[in-house]
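S.K.: Quick one: sequence plus predicted model below, questions after.
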Amino acid sequence: MSLKLDEKDLAILLLIQENSKLTANQIAKKINAPITTVFAKIKRMEEQDIIKQYRAILSPEKLNLGTAAFILASVSYRSKTNDTPVSQRSVAEEIARFPEVQEVHIITGDWDLLVKLRAENVEAVGKFVVDKLRLIKGLEKTLTCMVFETVKETTSLPYSVKRVERRV
């Protein structure tokens, strides 16, 4: 299936990324298009899974979760007890089940996983690492990096007409 997005599609995506509460009528006025066109374009992009979901972005600080940490983790690919293989993906999926964990990425390099965590304080991060994370079978070692200050954090994707004109 060929994926082609025109300038109106991209304008809609930009507006929705900035504020997903905009109505189709508000979007239509901003991009100078008929409301029926906006409805159809949004529906098509939802069906093609370009727009995956709509959500609120909460303030971690106001919810007493202002401490962020990134944790690098290494997976032992063999169980220490019976030499059975350990799946990097299954370890990542197990880590992803913890509510404190915001992101889990399988990465390349000296480490196997990158985990983003939110907690109320440094002590809570430490408890998570010692009492939960390090108990996961197949996890060999971790390195915790505390966040001092966040300069940029976004869910918006950068895109251009050239970048999105590709085969899906």
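M.R.: Sure thing, it's come through.

S.K.: can you list the weak-confidence ranges in this protein?
M.R.: 1-2, 78-83, 159-168 (pLDDT under 70).

S.K.: middle-most residue in it, spatially?
M.R.: Nearest residue to the geometric centre of the chain (C-alpha atoms, centre = their mean): Glu103, 5.7 Å.

S.K.: Bridging across strands, which residues link to that one?
M.R.: Lys116 (DSSP bridges).

S.K.: Kindly provide the distance from it to Glu61.
M.R.: Distance of Glu103 to Glu61, given as C-beta to C-beta, to the nearest Å: 18 Å. For glycine as for every other residue, the C-beta is placed from the backbone atoms N, C-alpha and C.

S.K.: which ones are touching the residue nearest to the centre of the chain?
M.R.: Leu114, Val115, Lys116 (C-beta atoms under 8 Å, 6 or more residues apart in numbering).

S.K.: any idea which element the residue lying closest to Ala33 once chain neighbours are set aside lies in?
M.R.: Nearest residue to Ala33 in three dimensions, chain neighbours excluded: Lys8, at 5.6 Å (C-beta to C-beta, 6 or more residues apart in numbering). Assessed by DSSP states H and E, Lys8 sits inside helix 7-18.

S.K.: Please name every helix or strand in contact with that helix.
M.R.: helix 24-31, helix 35-47, helix 161-164 (3 or more C-beta pairs under 8 Å, 6 or more residues apart in numbering; DSSP states H and E).
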